[in-house]
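> the following comprises the amino acid sequence and a computationally predicted model.
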Amino acid sequence: MDSAEDIFDSSLNLEETHYQEGYKEGYNHGIVTGKEEARQVGLKTGFETAEELGFYKGCVDVWISAIQIDPTRFSTRVQKGIKQMEELIQKYPVMDPENESVQEIMEALRLKFRVIRAALGVKLEYDGYPKSKDIEF
């Protein structure tokens, strides 16, 4: 009787067996797909962050050049803000994206940029890299 029960056990457990196999396949596929997707998101986010930092660095470099040419060009308050912005850019942990201060520094940079922009009375904004639909020939 045990041999008859063993034959039917495999038939009765067929659904559970297929469920477990499907789960394992799906889980393994999810791990592979998830890693690739995470890599793509990481590259995109890293590029966007570096692009924004580069924008701010370019602005700071131009402002510092203007100050070197004419030290009275900007008020001492604006010059101090520019110097603080330069320090924030240098302090940004480019090689350590998991550093907890990343968001803090970026928010401080954005705020400092807005303050300087307002003090200078310029309408300069970081809009990100132009998308293909934004480019006209």
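Yes, it's here.
> every contact and neighbour count from this point should use C-alpha atoms.
Will do.
> following the helix or strand containing Arg77, which helix or strand comes up?
Using DSSP states H and E, Arg77 falls within helix 76-91. Using DSSP H and E, the helix or strand that follows helix 76-91 towards the C-terminus is helix 102-120.
> can you check what angle separates that next one from helix 76-91?
160 degrees (axes from the mean of the first three to the mean of the last three CA atoms, to 10 degrees).
> give me the distance from helix 102-120 to the chain's centre.
For helix 102-120, the separation from the chain centroid amounts to 17 Å (computed by CA atoms, centre = their mean, to the nearest Å).
> with stretch 110-123 instead?
23 Å.
> who are the contact partners of the residue nearest the centre of the chain?
What sits nearest the mean C-alpha location of the chain, by CA atoms, centre = their mean, is Thr45, with 3.0 Å. For Thr45, no contacting residues are found, by CA atoms under 8 Å, 6 or more residues apart in numbering.
> after the helix or strand of the chain with the lowest mean pLDDT, next one along is what?
When each helix and strand of the chain is scored by mean pLDDT, DSSP states H and E, helix 2-12 comes last, with a mean of 63. Using DSSP H and E, the next helix or strand after helix 2-12 towards the C-terminus is helix 14-69.
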